[in-house]
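A.B. asks: Dropping the sequence and predicted coords here.
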Amino acid sequence: MTPNATGVDAVIDAVTAVLLIAGALMSLGAAIGLLRFPDLMSRMHAATKPQVLGLFLVLAAIGLQMREWWVWPILAVAWIFQLLTVPVSAHMVGRAGYRTKHLHPELLSTDELEAVVLRAAGERAAEKAEEAGSDVPHSRNGGHTGGTTGNGGPSA
Amino acid sequence: MSRKRISFRTELPLLVWLVVVWGALWRDFSPGNLVFGALIAVVVARIFYLPPVELSGRFNLLRAIPFAVVFLGKVVAASFQVMYLAIFRGPSVTNAVVAVPLRSHSDLMVTATGHVISLIPGSLVVEVDRSTSTLYIHGLNVRNDSDTAKLRREVQDTEASLIRIMGTRAEVDALQAEGLSATRGASS
């Protein structure tokens, strides 16, 4: 890119600057959220949303500055992969966090999953008691005995 | 081999996507490169076998474009909302885990809804119950029952618009019937 002092260049540079600063601010917002939110799942909110938008803005800025058509497909692919993977990772972390009780129940106004988990845990406990009571002790031992919360709840 | 054969038609979207990624990574969309990419896509899809994604076979572009624009707007709104909450509320934010039953039972629909939901304001999928097609959603800044109801409606509206874009014919018909009965119920 040769710097020629036409109006178009100035406009593109200005837009790029705005996009870059906005993207950086979004990342800053995510960082503040990670520091300030009280529990794991609120932090996952901070880690997903501003970060996706921040990346979008930075990629758009790159695309504007490069001024080659071939960067756009690769930037689009990068962002689409981000869109596809971020919710999955947030879901996996949130799910693991919920199951290992990394949450503050006093901060939840309602928790409709808790009842389901308790019911599933109760069913499993009843099953286990039944098995223990019957004369077939070898039916299902081993991996399942570790605690009800880890395996409780509906399986995806 | 006992694996199920996938018809070329179901596999086509995957192959096209692989070729696009190939071209983007090489930054070269010349015909020769694309043909070679297509060859590799076919080989990869044959060797690394995955269960096919069951698409419904319809895709409404006219509805998809406004949806994409609204979605982008919502991502922006979500980012500012999270930023605002992080700075001004911080540790005292109140959340909720809400169960939202979905209409559709297809894996694609549940996955797509979960993805969109995770990126729009104040919601995150914690748990999925595939047998009843229920999403358990963690909502940020949900303080009372009306917020809960709002979150639930938002999720179901998202699913409805996704069904209109790429749901099966049966799902769309069910949705329309539901809408009709709802308006009739409201007017009576």
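C.D. replies: The structure has been received and is ready for your questions.

A.B. asks: so the residue nearest the centre of chain B is in which element?
C.D. replies: To find the centre residue of chain B, average its C-alpha atoms and take the closest one (C-alpha atoms, centre = their mean): that gives B:A112, at 1.8 Å. Assigned by DSSP states H and E, B:A112 falls within helix B:107-119.

A.B. asks: Shouldn't A:L35 be within a strand?
C.D. replies: No. Counting by DSSP: H, G, I helix; E, B strand; the rest coil, one finds A:L35 to be helix, located in no strand.

A.B. asks: Can you check what angle separates the longest helix seen in chain B from helix B:107-119?
C.D. replies: Of all segments of type helix in chain B, defined using DSSP state H, the longest is helix B:61-84. With axes from the mean of the first three to the mean of the last three C-alpha atoms, to 10 degrees defining the directions, helix B:61-84 sits at 40 degrees from helix B:107-119.

A.B. asks: mind listing what's buried in helix B:61-84?
C.D. replies: When neighbours are counted by 16 or more other C-beta atoms under 10 Å in any protein chain shown, the buried residues of helix B:61-84 are found to be B:A64, B:F67, B:F71, B:K74, B:V75, B:V76, B:A78, B:S79, B:Q81, B:V82, B:M83. The way it works is simple: take the backbone N, C-alpha and C, and place the C-beta from them, glycine included.

A.B. asks: Lowest mean pLDDT among the helices and strands of chain A, which one is it?
C.D. replies: Among the secondary structure pieces of chain A, namely its helices and strands, helix A:148-151 has the lowest mean (mean pLDDT, DSSP states H and E), a mean of 40.

A.B. asks: how about the strands in chain B?
C.D. replies: Across chain B, reading from the start of the chain, the strands by DSSP state E fall at B:95-101, B:123-129, B:134-139.

A.B. asks: any idea how far chain A is from B:N144?
C.D. replies: According to C-beta to the nearest C-beta, to the nearest Å, B:N144 stands 6 Å off from chain A.

A.B. asks: Any part of the helix holding B:A112 near chain A?
C.D. replies: Yes. Contact between helix B:107-119 and chain A, assessed by C-beta under 8 Å from any C-beta of the partner chain, occurs at B:G114, B:H115, B:I117, B:S118, B:L119.

A.B. asks: Pretty sure the third one sits against B:L135.
C.D. replies: Yes. Here B:I117 lies in contact with B:L135, judged by C-beta atoms under 8 Å, at a distance of 7.1 Å.

A.B. asks: Now do the shared contacts for the two.
C.D. replies: Counting by C-beta atoms under 8 Å, 6 or more residues apart in numbering or on different chains, the contacts common to B:I117 and B:L135 are B:V125, B:V155.

A.B. asks: what's the closest non-adjacent residue to B:T148?
C.D. replies: Taking C-beta to C-beta, 6 or more residues apart in numbering or on different chains, and ignoring the residues beside it in sequence, B:T148 has B:V98 as its nearest neighbour in space, at 5.4 Å.

A.B. asks: Where does pLDDT dip in chain A?
C.D. replies: In the predicted model of chain A, residues A:1-5, A:106-107, A:132-156 satisfy pLDDT under 70.

A.B. asks: what domains does the record give for the chain?
C.D. replies: Looking at chain A here, since you left the chain open. Described in terms of automatic domain parsing, the domain architecture of chain A consists of the residue ranges A:7-107, A:112-151.

A.B. asks: looking at chain B here, not the other one
C.D. replies: What automatic domain parsing lists as the domains of chain B is B:8-47, B:61-187.

A.B. asks: What mean pLDDT does the last one get?
C.D. replies: Regarding domain B:61-187, the rounded mean pLDDT is 81.

A.B. asks: List phi and psi for A:T110.
C.D. replies: With angles defined as degrees, to the nearest 10, A:T110 shows backbone torsions of phi -140, psi 150.

A.B. asks: hang on, isn't the residue nearest to the centre of chain B packed against B:T158?
C.D. replies: No. Judged on C-beta under 8 Å, B:A112 makes no contact with B:T158 at a distance of 9.1 Å.

A.B. asks: so which of the domains of chain A gets nearest B:Y49?
C.D. replies: Comparison of these against B:Y49 by C-beta to C-beta identifies domain A:7-107 as nearest, at 20.3 Å.

A.B. asks: Quickly find the element holding the closest residue to B:V76 other than its chain neighbours.
C.D. replies: Closest residue to B:V76 apart from its sequence neighbours, by C-beta to C-beta, 6+ apart: A:L53 at 6.0 Å. Per DSSP H and E, A:L53 falls inside helix A:40-66.

A.B. asks: Between strand B:95-101 and that helix, find me the angle.
C.D. replies: Using the same axes, to 10 degrees, helix A:40-66 lies at 80 degrees relative to strand B:95-101.

A.B. asks: And the residue nearest the centre of chain A?
C.D. replies: With distances taken as C-alpha atoms, centre = their mean, chain A has A:A90 as the residue nearest its mean C-alpha position (1.9 Å).

A.B. asks: gap between that residue and B:T10?
C.D. replies: Look at A:A90 and B:T10: by C-beta to C-beta, to the nearest Å, they are 29 Å apart.
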